[in-house]
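Based on what follows, work out the 3D shape:
(4 chains)
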4 protein chains.
Amino acid sequence: MAVKNWFTVSTLGKRTVSSPLKLGNHPGDTTYDYLNDSDKVLYDITLKGFNLYRAKHVEPPCFEMAGPREHIYFDPTKIRVAIVTCGGLCPGLNNVIRAIVMESYHRYGAKSIYGIRYGYHGFLPQEGYEPIMLTPDLVRDIHLEGGSILGSSRGGSDQVEIVNALERLNINILFTIGGDGTQRGAHAIYQEAQKRKLKLSVVGIPKTIDNDIVYVDRSFGFETAFSIAVQAIEAASTEAQGAKNGIGIVKLMGRQSGYIAANAALAVNLVNFVLIPEVKFDLSGENGLLEHLEKRLRKRHHAVIVVAEGVGQEWFVADRRNVRTDASGNKKLADIGIFLKDMISRHFKDIGLPAEIKYIDPSYIIRSAPTVPNDAIFCAQLGQNAVHAGMAGKTDVLIGRCNGIFTHIPLEAIINKKNFISPESTLWWNVLETTGQPMNMTNPAGTKKKPK
Amino acid sequence: MAVKNWFTVSTLGKRTVSSPLKLGNHPGDTTYDYLNDSDKVLYDITLKGFNLYRAKHVEPPCFEMAGPREHIYFDPTKIRVAIVTCGGLCPGLNNVIRAIVMESYHRYGAKSIYGIRYGYHGFLPQEGYEPIMLTPDLVRDIHLEGGSILGSSRGGSDQVEIVNALERLNINILFTIGGDGTQRGAHAIYQEAQKRKLKLSVVGIPKTIDNDIVYVDRSFGFETAFSIAVQAIEAASTEAQGAKNGIGIVKLMGRQSGYIAANAALAVNLVNFVLIPEVKFDLSGENGLLEHLEKRLRKRHHAVIVVAEGVGQEWFVADRRNVRTDASGNKKLADIGIFLKDMISRHFKDIGLPAEIKYIDPSYIIRSAPTVPNDAIFCAQLGQNAVHAGMAGKTDVLIGRCNGIFTHIPLEAIINKKNFISPESTLWWNVLETTGQPMNMTNPAGTKKKPK
Amino acid sequence: MAVKNWFTVSTLGKRTVSSPLKLGNHPGDTTYDYLNDSDKVLYDITLKGFNLYRAKHVEPPCFEMAGPREHIYFDPTKIRVAIVTCGGLCPGLNNVIRAIVMESYHRYGAKSIYGIRYGYHGFLPQEGYEPIMLTPDLVRDIHLEGGSILGSSRGGSDQVEIVNALERLNINILFTIGGDGTQRGAHAIYQEAQKRKLKLSVVGIPKTIDNDIVYVDRSFGFETAFSIAVQAIEAASTEAQGAKNGIGIVKLMGRQSGYIAANAALAVNLVNFVLIPEVKFDLSGENGLLEHLEKRLRKRHHAVIVVAEGVGQEWFVADRRNVRTDASGNKKLADIGIFLKDMISRHFKDIGLPAEIKYIDPSYIIRSAPTVPNDAIFCAQLGQNAVHAGMAGKTDVLIGRCNGIFTHIPLEAIINKKNFISPESTLWWNVLETTGQPMNMTNPAGTKKKPK
Amino acid sequence: MAVKNWFTVSTLGKRTVSSPLKLGNHPGDTTYDYLNDSDKVLYDITLKGFNLYRAKHVEPPCFEMAGPREHIYFDPTKIRVAIVTCGGLCPGLNNVIRAIVMESYHRYGAKSIYGIRYGYHGFLPQEGYEPIMLTPDLVRDIHLEGGSILGSSRGGSDQVEIVNALERLNINILFTIGGDGTQRGAHAIYQEAQKRKLKLSVVGIPKTIDNDIVYVDRSFGFETAFSIAVQAIEAASTEAQGAKNGIGIVKLMGRQSGYIAANAALAVNLVNFVLIPEVKFDLSGENGLLEHLEKRLRKRHHAVIVVAEGVGQEWFVADRRNVRTDASGNKKLADIGIFLKDMISRHFKDIGLPAEIKYIDPSYIIRSAPTVPNDAIFCAQLGQNAVHAGMAGKTDVLIGRCNGIFTHIPLEAIINKKNFISPESTLWWNVLETTGQPMNMTNPAGTKKKPK
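Predicted coordinates:
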């Protein structure tokens, strides 16, 4: 059954090696407990859910808890490990790399840890990149900087070539840090390795600055992202207030989900309109954005708009023959920020209310930031649990935190899905309360809905 | 039964007023759902817990979910609301005040919102402080600053005098933002009001920078606290590395729980020893801290120690006749930071290994900081949910987030309890992994355990 | 003689009022000295200059020192003061406003201080803006925020209308905070007031984030600007290193002078090419930028470029019929950042070396930032000295710091001039040393010089 | 004559090597000028000074300008260079080290650059520290961190042993980065080297976070110091305002000069009393600090005090037999912060006005901070000019910026002197204006002056 499969984790085989982690092995009597595969956390944690599954007499949907196992699959002293970071930059990449290296090296005793350069491309012989040998000395301070010391890039996901390279390098555990495309690639690598009967564990750490992974509480780098975004909003607000009829527009990341926009707006309380892909709106018309913006301007003389990059993509379709994609397979987005700036500018010129528009796109400043402390801890825990999973022979699996607990999630459960902000959620309700923007900025049926 | 009582929330009576919140009332068909009192979240969210309670055929322990109710108790247009902040400063006080004012004023239409000056003292006529009338204009930007615009102080908790004052002011909802002593006071106020048959709702927002509240995921201000503490640790590390046999000591908040120390150490990866009240250790002796510190110094020539203020208090008892308490009823702590500095200094002088000790106490810098963005959102949500609770006539209740969901927690369930770091927890295990410090720094029985 | 005129400061007339500043009037015998108009600072402070003017037997060029005068022109208790901020935002506007208000109010006892809204437009009746009454309470904390509480805008410089408004408001001192256009306007206001025989003192505080004022050490907001720019460069560097053949481009302010670009690059040591208007270069050709960039990429696989907005404007002239100007009379610049990004992208596509280009334009984030502490002090001193000057009846004058000393500079000495980075200066030499970029990136005569 | 000697710089001998710096040697015709020893900057830059020296017919006091010379003393390819950092930490140490290494290596081609560990101690064989070979790769990013990668310490200044070590290592240029004691040591090393007829250039970069060097505009690290101090003052202000009769006390560095205290107070505008060693005051008595503090508290209910560490040292003398000094020869200071806190606490208890005192000592956080951008540039320029000086054979010399220009200052001109804030200076006047504190807080003769 579909649901069941989502929660069943693959393993390479019997775990016959004793963990080198000295849990409980110390002079006093304090005991650190290993986790068993039967330790699970409920997916639905409401009383209603409890009653539902109790009535049904079935086991409720659960995630296997991540953490150290007493018996592991690989002999850690002989193991060879590889780490690859793919896709665009995201805060925390270096923290996760560091945690995997430190945990593998110091706790499990693995000394052969390879860093693959520039995403999956680094596996391809024609690219000519040598892996980097990662040591504690090399990674000691990398978490203090943003970016990825390995480099990162999109595409290059050729599972046959990659598994060839993994065989050449004799890799036992591959850690794939990347987004949806990357994890699709990881699944394909797993399948190819299975076909070749390789003892390869593939453990993913899902990376999406947009926070759009299903099931998990949040993705790494996301808190840092909206924390840094706050600074751009403050700048936009200052600029808007400093000008006659000033309008500050900040474009934030969010291809299909508006989490960064929503959270940044909540954190700073300076935003009047948050526009996210999940909540459609009309630009013109009597209940459109421009109308509401005009009202705001006439009353308060300035306004701040935060727009997620994925907003309004349907408006651009008519202008183009074909949908373009980038090397990760993501749809290439038309620039809503520039578009909005132009539409608003034209509108206020037309109605004779000259507005000064200040447009800020802080994306690269956000992506490349070092983590805020809370995110730093989260990244370290993801990396440590990824190592526990890999050593235990878990494979085709992601590490995610669900309901506050680190878990193993089968790759297939997550790829090709997205997490969205529900317009009925408390989060969106909070945004509406904070901004004071109308719940609905679409025109009744029959009225004009598209930008002219 | 005790457990059951913990989870049963008191209410003032029938809710006969329609909520002014326009959930679902808009041109489209999007519906925001009100919450019912039967909406609850499980306390134990593991599969084991599920099976246990299923087998027992009893309802598992649950917390009532916080949030807007369709029918409320008070007529919001006539209501009078008071807010009081008590105890020491903590990041987020202004954020919570702001959220309560904004939610009460803009969403429910309550216009009479009073801020009580300097904690419970502000209720006492002999102190001579007038309440401040709080308006959206006044509180608009207060969340950008640390501290409390109301002022805060310990003590003053005289429920008879306070309820007299509340009657004089005709207050219907009292929001008490403060720690354990404050919430004990809130409970006494509730009891006094019950005795007088007053229609008074008492809603607490628990404040403890130490993060030591039971049941809840974390307390407000805590993330900010350990985030700012990171800067002091970085300074200590730089100082330690810049000197011959340099030792940096940072004392952090944590009277009985070491959460700030543990999380700050995890976030920054520069600490060699984390000392918390929950994990006892010996100073001298062959397995004591000084011995391990000496080994570290001989090998690496510098060391960083983070110590929670509540550590080693048992060492001071012998020196004093009586246990002193501050105005909140908290035991006055002897200064472990200074003590440790002196003991270490003396030890290394004695053994002829001159060490340079740099002692940093960043407590006031941490307490007075404005919130980091993630904490800002958390504070706002606490304040909003407190208003929902108060308007619905919930009383003798706290707002807390449990397993990621905002809930109502009866005051009695929480007061006089503390949350501690378990030495068996993943958190402490992570600290040991990050610092490399021994699991156990006590000497075997029969050997010297106390400082000389 | 021209030179002499530059240094002669206009005054309204005899100074017959005793300064209310209680310099020296206290129990001890410490004396604070008033300054005399004969206190001057040399413009050329080298020994060569000394010998030159000694030999010539003429007084060397000097600036009159700013500061409190014992006898002043206006009766401060009756005086009416106005402040106007013009042009784009710049860090420090609020600091200067605050200092003028505090000094006028607390030190001189002036109680009627008006803030004009949105630049010179705020004087025009048809715009309908009322001046704000500025008090110490209102301005107490404004220096902690960026922007201008008065609002700022370009244009509106109609001296007849403005002097009409000043007469209506009975203003005695007008403080004009703004750039070149603003100070040209201030000079015209002065002339108009002279014509009408008004007792109006016009005191300018020159504002140019570009630091391009002649004679003075630096302009306010400039240090903050390049300090904040550092963050964008760090982001660009992280992005460049995180991608295969990553190129980070940061566009910074600098219409005609590259001071922000040069200083930001020096402060952070991460930049490979600094492009400023003062140093011409070719894009293509064997000694052009693209060639040098390619070499860098082949060797190091990443590069960071900082470009001042005024660079390469001559390349755009051919495409346009007419030179556009903004409301301040500044030439509207074509966007060199976008242009450079496109040219570089095209070049590396053409030669088959796919480069990933990350383009950051942090201008609004920089302009709207609150001041760094050193700049805050500088702004306060400018404001205080402006008040001293106005009270003393100085007019048609600017406040500037020359050779470390605050001085009065006649408006005419500065307007219509610009300060440039000399390619022979130590500053530029330091940039070349830090970046390692070639001194000269132009092709020998006869080879291709323009972008294709 | 004394004055003349201060300005005459020693050199090792004839400069016969052509500088490898390619100034002017490029395709275009831009020329970078070398500096000559006759390039000098005036010490007194006022018109009065000009007229004085013109009348006297003598050369005015001047400093030789620092910068690259066309002919240098050492063959840079064969040279061996050493760098030592002494005394307590100060922001910018790593920046100066980096600049010396980069300039020596990349511009002059010197490849043998040694870093001495832990100050002068690193020269002493009995300490057993090996010098570090410094390379561009090693120092590339050190300026992003505070502290000194070499380590630093006080004392160890034995010129015979040090010159022995320099001979063993074959060092040609020694860069001494340190305070007064360090530069006294450097002068002794120079004298010892002269005695042995060694071709050793000794070039000092004066380090004093207190900014108390005579003649120079400011010392490196000073701007960073008062910029970071601002954060502690903000915390103290928030704490003071958050408590009933809250008093925030911040102790800042400043053994004999109050520059950090004064500048931090000016930058942030939140301080009510600035106490510096240069301006004596009484604690008690009718015009004493306690009296003025009480007035402030009764009126405004909170106060912020900034005190420099060197304040009130005369009060402690009576309690001690002998004056202690630290390893640098600095007088060991009694802790004025703790003393003040206790005196104020006792006073307000005595008069029945219970005050809450929050005492912050941010010294280590300030000392260990990385530089702010403007300071970073300054440090780099000091380091570069130090290398130019050493290569040119200048010796017994310091690098300092005077009247905005980098100069050579003979060591003897500066050691054993201190720069103080004059109570008649504009700086102190500005502090009085900003704080509103009385000019004089001493009691008339005959009244009580000392603390009880």
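
ok, residue A:48 - how many residues close by?
Number of residues near residue A:48 (other CB atoms under 10 Å in any protein chain shown) recorded here: 12. Backbone N, C-alpha and C define where each C-beta goes, glycine included.

Give the other helices and strands that the helix or strand harbouring residue A:264 contacts.
If you go by DSSP states H and E, residue A:264 is part of helix A:259-268. Taking 3 or more CB pairs under 8 Å, 6 or more residues apart in numbering or on different chains; DSSP states H and E as contact, the helices and strands that helix A:259-268 lies on are helix A:222-241, strand A:246-252, strand A:273-275, strand A:302-308, helix A:426-435, helix B:373-391.

Go through these and find the least confident stretch.
The weakest mean pLDDT among those belongs to helix A:426-435, with a mean of 88.

could you give the angle of it to strand A:302-308?
For helix A:426-435 against strand A:302-308, the angle by axes from the mean of the first three to the mean of the last three CA atoms, to 10 degrees is 160 degrees.

Whichever strand or helix holds residue A:192 packs against which elements?
Assessed by DSSP H and E, residue A:192 sits inside helix A:180-195. Under the contact criterion of 3+ CB pairs under 8 Å, 6+ apart, helix A:180-195 touches helix A:159-169, strand A:173-178, strand A:201-206, helix A:411-414.

now these in a markdown table, with mean pLDDT and mean neighbour count?
As requested, the helices and strands packed on helix A:180-195 are arranged in a markdown table below (pLDDT from 0 to 100; neighbours: other CB atoms under 10 Å in any protein chain shown):
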| stretch | mean pLDDT | mean neighbour count |
| --- | --- | --- |
| helix A:159-169 | 97 | 18 |
| strand A:173-178 | 97 | 29 |
| strand A:201-206 | 97 | 28 |
| helix A:411-414 | 89 | 22 |
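
For chain D, find the nearest of these.
With CB to the nearest CB as the criterion, chain D lies closest to strand A:173-178 of these, at 23.6 Å.

Of all the helices and strands packed on helix A:259-268, which one comes closest to chain C?
helix A:222-241 (3.8 Å).

Can you give me the distance of the residue lying farthest from the centre of chain A to residue A:245?
Residue distances from the centre of chain A (CA atoms, centre = their mean) peak at residue A:352, which lies 43.1 Å from the mean C-alpha position. Distance check for residue A:352 against residue A:245: by CB to CB, to the nearest Å, it reads 11 Å.

quick one: contacts for the residue in the stretch 351-452 of chain A positioned nearest to chain D?
Here the residue of the stretch 351-452 of chain A nearest chain D is residue A:370; by CB to the nearest CB that distance is 11.1 Å. Each residue near residue A:370 by CB atoms under 8 Å, 6 or more residues apart in numbering or on different chains is listed here: A:91, A:94, A:143-146, A:224.

From residue A:140, how far off is it?
15 Å.

still on that earlier bit, next, the buried residues of the helix holding residue A:192.
Within helix A:180-195, the residues scored as buried using 16 or more other CB atoms under 10 Å in any protein chain shown are A:180-190, A:192-193.

Distance to residue A:382 added to the residues you listed, as JSON lines?
Formatted as JSON lines, the buried residues of helix A:180-195 follow (distance: CB to CB, whole Å):
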{"residue": "A:180", "distance to residue A:382": "17"}
{"residue": "A:181", "distance to residue A:382": "19"}
{"residue": "A:182", "distance to residue A:382": "15"}
{"residue": "A:183", "distance to residue A:382": "14"}
{"residue": "A:184", "distance to residue A:382": "19"}
{"residue": "A:185", "distance to residue A:382": "19"}
{"residue": "A:186", "distance to residue A:382": "15"}
{"residue": "A:187", "distance to residue A:382": "19"}
{"residue": "A:188", "distance to residue A:382": "22"}
{"residue": "A:189", "distance to residue A:382": "20"}
{"residue": "A:190", "distance to residue A:382": "19"}
{"residue": "A:192", "distance to residue A:382": "25"}
{"residue": "A:193", "distance to residue A:382": "23"}
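
Appreciated, that's everything.
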